[in-house]
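Participant: Coordinates only, no sequence provided:
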């Protein structure tokens, strides 16, 4: 009888006392287990929504951001190395052409060329107009400010899809501009 009495006490304690438990399943889902009677209840508390995957367009890959490099040496600001981010050649009437270089610093270098001989791809800076039968550099402009040249040359070689240019300009006050640009 003592054993039955002991089992009754244990059984009544189990019925009188409720126990709660919580089980976490991977992914943030919580499951509460309430053990009242021999049959447990399973309650799903909350479920996180599946994340929305936003596909972004791929970033463009630039194989060659720079068209070339122009160095400014012996100038008032010391040695400056500019990467050319854009270059173009604009043609005007009477053999005038403007060679425009956009530099990575935001500066714009423009070279006004006069083409007297279309078979010659080299341009030189002359102090007088006596060489009118030769291709020449008429003016060099940096950020809308003319640069006074001592001497200089520009070679503008045509390529399959553009030009290969080599500049060698020596100014009086702004230093020397040397470089190679493909565009």
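Facilitator: Received, thanks. Please read these numbers as outputs of a predicted model, since none were measured by experiment.
Participant: Would you mind measuring from residue 138 to residue 151?
Facilitator: Using Cβ to Cβ, to the nearest Å, residue 138 is found at 14 Å from residue 151. Glycine gets a C-beta too; all of them are placed from N, C-alpha and C.
Participant: Quick one: list the elements packing against the helix or strand where residue 100 lies.
Facilitator: Using DSSP states H and E, residue 100 falls within strand 96-103. Packing partners of strand 96-103 (3 or more Cβ pairs under 8 Å, 6 or more residues apart in numbering; DSSP states H and E): strand 78-91, strand 108-114.
Participant: Mean pLDDT lowest where, among the ones you listed?
Facilitator: With a mean of 91, strand 78-91 has the lowest mean pLDDT of the helices and strands packed on strand 96-103.
Participant: elements contacting that one?
Facilitator: Here strand 78-91 touches strand 68-75, strand 96-103, strand 176-182, going by 3+ Cβ pairs under 8 Å, 6+ apart.
Participant: Skipping adjacent residues, who's closest to residue 172 in space?
Facilitator: Closest residue to residue 172 apart from its sequence neighbours, by Cβ to Cβ, 6 or more residues apart in numbering: residue 148 at 4.6 Å.
Participant: Local confidence estimate at that neighbour?
Facilitator: At residue 148, the pLDDT value in this model is 93.
Participant: Compute the number of surrounding residues for it.
Facilitator: Using other Cβ atoms under 10 Å, residue 148 has 10 neighbouring residues.
Participant: any idea how far it is from residue 78?
Facilitator: Separation of residue 148 from residue 78 (Cβ to Cβ): 20 Å.
Participant: Buried residues in stretch 88-106, which are they?
Facilitator: Under the neighbour-count criterion of 16 or more other Cβ atoms under 10 Å, stretch 88-106 has 97-103 buried.
Participant: And the furthest pair within those residues?
Facilitator: Greatest spatial distance among those (Cβ to Cβ): 97 and 103, at 19.5 Å.
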